[in-house]
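K.L.:
I'll drop the sequence and a predicted model, then ask my questions.
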Protein chains: 2
Amino acid sequence: MILDKINSPDDVKKLTFNEMNTLSSEMRELIIKKVNTIGGHLAPNLGIVETTIAYHYVFNSPEDKIVFDVSHQCYPHKMLTGRKEGFLDSNKYLTYTGYTAPEESEHDIFKVGHTSTSVSLAVGLAKARDLKQEKGNIVALIGDGSLTGGEALEGLNNGAMLDSNFIVIVNDNDMSIAKNYGGLYSNLELLKKTNGQAENNFFKAMGYDYLYLEDGNNVEKLIETFKKVKNINHPVVVHIHTLKGKGLKLAEENKEFCHWILPHALDENKPAYSEKETYNSITKNFILEKASKDPSVIAITPATPGVHGFDDEFRNKLKNQYTDTGIAEEHAVAYASGLAKNGAKPILNIMSSFVQRTYDQLSQDLCLNNSPVTMLIYWGGLSSADCTHLGCFDIPLISNIPNMVYLAPVNKEEYLAMLDWSLEQTKYPVAIRVPNTEVISTGIEDKTDYSILNKFKVVEKGEDIAILGLGNFFGKAVELKKLIKKEFNTNATLINPVYMTGIDEELLEELKNNHNFVITLEDGVLDGGFGEKISRFYSSSNMKVLNYGGKKEFTDRVPLDKIYQKCSLKSEMILEDIQCVFAMEQAKLGNFYSFN
Amino acid sequence: MILDKINSPDDVKKLTFNEMNTLSSEMRELIIKKVNTIGGHLAPNLGIVETTIAYHYVFNSPEDKIVFDVSHQCYPHKMLTGRKEGFLDSNKYLTYTGYTAPEESEHDIFKVGHTSTSVSLAVGLAKARDLKQEKGNIVALIGDGSLTGGEALEGLNNGAMLDSNFIVIVNDNDMSIAKNYGGLYSNLELLKKTNGQAENNFFKAMGYDYLYLEDGNNVEKLIETFKKVKNINHPVVVHIHTLKGKGLKLAEENKEFCHWILPHALDENKPAYSEKETYNSITKNFILEKASKDPSVIAITPATPGVHGFDDEFRNKLKNQYTDTGIAEEHAVAYASGLAKNGAKPILNIMSSFVQRTYDQLSQDLCLNNSPVTMLIYWGGLSSADCTHLGCFDIPLISNIPNMVYLAPVNKEEYLAMLDWSLEQTKYPVAIRVPNTEVISTGIEDKTDYSILNKFKVVEKGEDIAILGLGNFFGKAVELKKLIKKEFNTNATLINPVYMTGIDEELLEELKNNHNFVITLEDGVLDGGFGEKISRFYSSSNMKVLNYGGKKEFTDRVPLDKIYQKCSLKSEMILEDIQCVFAMEQAKLGNFYSFN
């Protein structure tokens, strides 16, 4: 095996073209095997194998520095930079992350997982090099749809002003996660058709020198091209045309499906697709039904249709009532605001982790204008995700913006009622946190009037202790209530707060009459979140409040159970806390607090 | 006066070219007079007078809809759409805002004050029109530097995909607030030089049809051009070359100075520029000194040098150690992260209101990578600003992001010590909230080791009541302490919390020994902010906590005193609250709580 000889980029430089081609095949095979075993990004990595080999053949990492955009295409890079055992040894499949990670290797500069950041980060590296009067090539690798993100375009505009070495490799594989979208891609098509010769050239218009390589999966030609730009003294774009999913027929033909796959997705005997109802299927059915009755209903996603289960059938049914904005989250929010302001009914679908890109658009374009947009926030909550894709910050992010109504449904009927209310009202921007739990159904239609803002639901009236179980964590509240009954023989009050953007002052005031404890549970970081608002409300009273939720930190692939443990998010731990506070109170005040 | 006849856009349509030219002069005169009286955006409005007249001559507002970018160039529009008395009658100068405001007129669609949003918002309007199968032109007016903001570029890319009427007017006045910056502007220069004929054309590359008009201040030619695109059935860019500040020599020659002016800036006898020390001058001197000693120090601003007092002298001294990224806040943060990662010492200067555009970059590009960037946040705090430019959300925004260290200095010496520490350390991303108060100096060098994170400073040790006065509001804490002494004869403990990103658990625990009350004061909205963290800490104890700060709302030009009143931010009101809680406690618990 050629890969046996490769322990660092230096070893790549010793290979012949033939050996490099063999190496490509070896690497592809290992990538397919690993990704099919543990899941991960498949097609992006298959497309970039030759580019990576050629890069390390021509450039000298880590003196020369490369920044991967999104960095989900760094598997080949990891294999050539001392981390091949993460692919060769199935016991070590989980040793390295699926993204660049400076703590793993000096050949990785940044932790990256969100898109469209590479050019800006690399402009910074280049400018620092110049300030320190150092040498070396700075390379940004971008493509796979991320070119249309605002940060990338801002970065390109600024990078052009460098009066020194700066190389942007545009990996043009004709794709985003889904199909590319936007006017810019028509220019990329033109450039490909004319072998890079078209006069009208987006990159030249942005102030860059420009080179085109049609056969972006040919190591020899890649090396030749990279040699031309190595040590160049000005900004240049190297536009390479690659085949996403190359080397695996299924991936070449189903690029979107193979962008990121679950374990064993490639196996012939893989379990049949589950027909079970999910919050995704509920959402899809809701949108389809509404859209069929009302031509002004429109579903929007910023390049993540797969996350929402928006398959071809769904898109074909919606036709012009569906927009995939491409990777352009900021635009997606402003676009939705414009739609709503002109009388349409937009439903914007976005992941918790990516809604982070839109704080100012939520504030200015949406909430300041009170545009009645329905936003659905997916994958919100504590999770075992990579540190780059956490979904635990959306409650602080969204709920502290004026005018916004942010809802946390706890079951199917509530979710549907909220969707319906949000879509038909015209007074507020509404966000709904799509539950990340199994579907829970009461079987009873929810007739709540959600226009009465900040009205919490008392699910079971009790005494002494009130438990506020928000959204995904309502189940935890139910569990805790049972345990309290068992341990204290007390019927705790069970509350579904529903609203994350305001508190039910009347109810909270009322609780003072026959409650001593309030427990809040939320599936996200506590800092700036929901529980702190309850603590503030009671802070000058005698009510004891205990807030439960996540810690303010970037966890990285930490098992969820471990996170719950660390954050005392288990019922028996909460019970202990209550007992502890109770005991302290008794010690201090005699028997002032007492459970019946 | 021609303007006398203009009560709505319909009246504009009745004018001759000569009358329109006269009207232009009249409008200019009124704009200059008003802006010089009450302050505001001068040069942008002077440059767009003819465009606005021509627009209302050709298009039919409000059926045809125009979205102004930033909307600081909407004064002429307001004059022609029923709001001229806001310019004719000096008693009504404050009747209308300086930005588009739907509550004022059906001719304004959005509240806008941040840049680069018009295209995306207009794409939404256009798509809604199409879904509802309605007619009408949708126009986005952009320019004045805002074209390079990521949201605008995302919007352009998406707008090109409309299969219907969509008109983008690019108001190219050769300027941002300061000089334009970036590769894209080289293409705009080329287009201007070639009268729009250059083959290489950014807008065409983005998928747009394209028209160029060199004389963008000629009403007749503007009308002719607009007529060509009215009712067009596809996306088109109308690139017009205008003169920023037109009609006022000072403004034409000093475009940056005259972008936004203070009252009476144009008067010959205006008060001489104050030589008083400000936090801006302190910052500038610090940067200049550091930069002169260390070539890796670099100051960055995203197009707001004026806000920071970065004048020509400053820029000329720094040379390549200064970057104005143009309107590109996201890039600015990622760029700073790249600089830091490669060993430079970036100081990013940004307004509180605009740092909102960078949440995800702060989280992913900066904090996840722990890049040692120094960020200076200006104009943070409650204010009487327009609803579009509030600076009261940065504490919740920044302080809930992991790894970030966000500092609130209370005097000059602290500020300098923080700046120095931040610049020389390499472990954390640090943000410092530049005080918005008068400069307060202790005269004693601050030798605090700020690397001991989250250590609050006890300024005066007392008992019973502890007051945490954060940053700008430390002065309020001092005042409150005095009042408490007078009313209760109690020496309250005075604390400067310093850190907004964490709490001093040891100190807070200790306070329990001889304090019953903790008061927090912060210059920003309470929701998600600093005080709530203190409330959470004490929520299961007997400590009574009262949080003071702003309400979660978009205030709009509300006098600061009124805001303080509404938020109980006056010492005597806080005292009343304390007395009230105290009385309730006594009633409930007998004499358990007592002041010595």
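P.N.:
It's in.
K.L.:
Give me the secondary structure label for the closest residue in space to residue A:341 that isn't next to it in sequence.
P.N.:
Excluding the flanking residues, the one nearest residue A:341 by Cβ to Cβ, 6 or more residues apart in numbering or on different chains is residue A:371, at 5.4 Å. C-beta here means a position set from N, CA and C on the backbone, and glycine is covered the same way. When classified by DSSP: H, G, I helix; E, B strand; the rest coil, residue A:371 comes out as coil.
K.L.:
Next, give phi and psi for residue A:371.
P.N.:
phi -80, psi 130 (degrees, to the nearest 10).
K.L.:
Mind listing what's buried along stretch A:577-584?
P.N.:
Buried residues in stretch A:577-584, counted by 16 or more other Cβ atoms under 10 Å in any protein chain shown: A:578, A:581-582.
K.L.:
quick one: is that stretch near chain B?
P.N.:
Yes - counting by Cβ under 8 Å from any Cβ of the partner chain, chain B is contacted by stretch A:577-584 at A:577, A:581.
K.L.:
where's that stretch relative to the chain centroid, distance-wise?
P.N.:
The chain centroid and the centroid of stretch A:577-584 are separated by 39 Å, computed with Cα atoms, centre = their mean, to the nearest Å.
K.L.:
Looking at the buried residues of stretch A:577-584, which is nearest chain B?
P.N.:
Among the buried residues of stretch A:577-584, residue A:581 lies closest to chain B (Cβ to the nearest Cβ), at 4.7 Å.
K.L.:
Would you confirm that the closest one contacts residue A:544?
P.N.:
Yes - contact criterion Cβ atoms under 8 Å: residue A:581 and residue A:544 qualify, at 5.6 Å.
K.L.:
Overlap in contacts, these two.
P.N.:
Residues touching both residue A:581 and residue A:544 comprise A:517, B:540, with contact defined as Cβ atoms under 8 Å, 6 or more residues apart in numbering or on different chains.
K.L.:
ok, the closest residue to residue A:13 other than its chain neighbours - contacts?
P.N.:
Spatially, and ignoring its direct neighbours in sequence, residue A:13 is nearest to residue A:57 (5.7 Å; Cβ to Cβ, 6+ apart). By Cβ under 8 Å, 6+ apart, the residues touching residue A:57 are A:12-13, A:15, A:20, A:219, A:223, A:226.
K.L.:
hang on, the earlier thing: tell me how far the residue nearest to residue A:341 lies from residue A:377.
P.N.:
17 Å (Cβ to Cβ, to the nearest Å).
K.L.:
cool, and residue A:38?
P.N.:
Distance, residue A:38 to residue A:377, using Cβ to Cβ: 27 Å.
K.L.:
if you count what's nearby, which of those two comes out ahead?
P.N.:
Higher neighbour count among residue A:38 and residue A:377: residue A:377, with 25 against 14, using other Cβ atoms under 10 Å in any protein chain shown.
K.L.:
tell me what the helix or strand harbouring residue A:281 is packed against?
P.N.:
Using DSSP states H and E, residue A:281 maps to helix A:279-293. Counting contacts by 3 or more Cβ pairs under 8 Å, 6 or more residues apart in numbering or on different chains; DSSP states H and E, helix A:279-293 is packed against strand A:297-301, helix A:305-308, helix A:312-318, strand A:345-351, helix A:412-424.
K.L.:
Please list all residues in contact with the residue of the stretch 251-400 of chain A found nearest chain B.
P.N.:
Closest to chain B within the stretch 251-400 of chain A is residue A:338: 1.9 Å, counting by Cβ to the nearest Cβ. Going by Cβ under 8 Å, 6+ apart, residue A:338 touches A:371, B:67, B:120-128.
K.L.:
okay, the angle between the helix or strand that contains residue A:573 and helix B:571-589?
P.N.:
If you go by DSSP H and E, residue A:573 is part of helix A:571-589. Put simply, helix A:571-589 runs at 90 degrees to helix B:571-589, going by axes from the mean of the first three to the mean of the last three Cα atoms, to 10 degrees.
K.L.:
List the contacts of helix A:571-589.
P.N.:
Helix A:571-589 has contacts (Cβ under 8 Å, 6+ apart) with A:465, A:476, A:479-480, A:483-484, A:487, A:517, A:519, A:544, A:546, A:548, A:565, A:568, A:592-593, B:540, B:542.
K.L.:
Does anything pack onto the helix or strand residue A:125 falls within? Which helices or strands?
P.N.:
Applying DSSP H and E as the criterion places residue A:125 in helix A:118-131. When contacts are defined as 3+ Cβ pairs under 8 Å, 6+ apart, helix A:118-131 packs onto strand A:65-68, strand A:138-143, helix A:150-159, strand A:166-172, helix B:329-341.
K.L.:
The shortest one pairs with which strands, and in what direction?
P.N.:
What that stands for is strand A:65-68. strand A:138-143 (parallel) (DSSP bridges).
K.L.:
Now do the strand it pairs with and helix A:118-131, the angle between them.
P.N.:
Going by the same axes, to 10 degrees, strand A:138-143 is angled at 170 degrees with respect to helix A:118-131.
K.L.:
Output strand A:138-143 as PDB, nothing but the C-alphas.
P.N.:
C-alpha atoms of strand A:138-143 as PDB (Å, rounded to 0.1, in the frame of the first residue of the first chain):
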ATOM      1  CA  ILE A 138      -1.600  31.200   2.400                       C
ATOM      2  CA  VAL A 139      -4.400  29.200   0.800                       C
ATOM      3  CA  ALA A 140      -8.100  29.200   1.300                       C
ATOM      4  CA  LEU A 141     -10.000  26.200  -0.100                       C
ATOM      5  CA  ILE A 142     -13.700  27.000  -0.700                       C
ATOM      6  CA  GLY A 143     -16.500  25.500  -2.700                       C
END
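K.L.:
That strand: which residues count as buried?
P.N.:
Buried residues in strand A:138-143, counted by 16+ other Cβ under 10 Å: A:138-143.
K.L.:
quick one on the thing from earlier: the residue of the stretch 251-400 of chain A closest to chain B - nearest residue in space that isn't next to it in sequence?
P.N.:
residue B:124 (1.9 Å).
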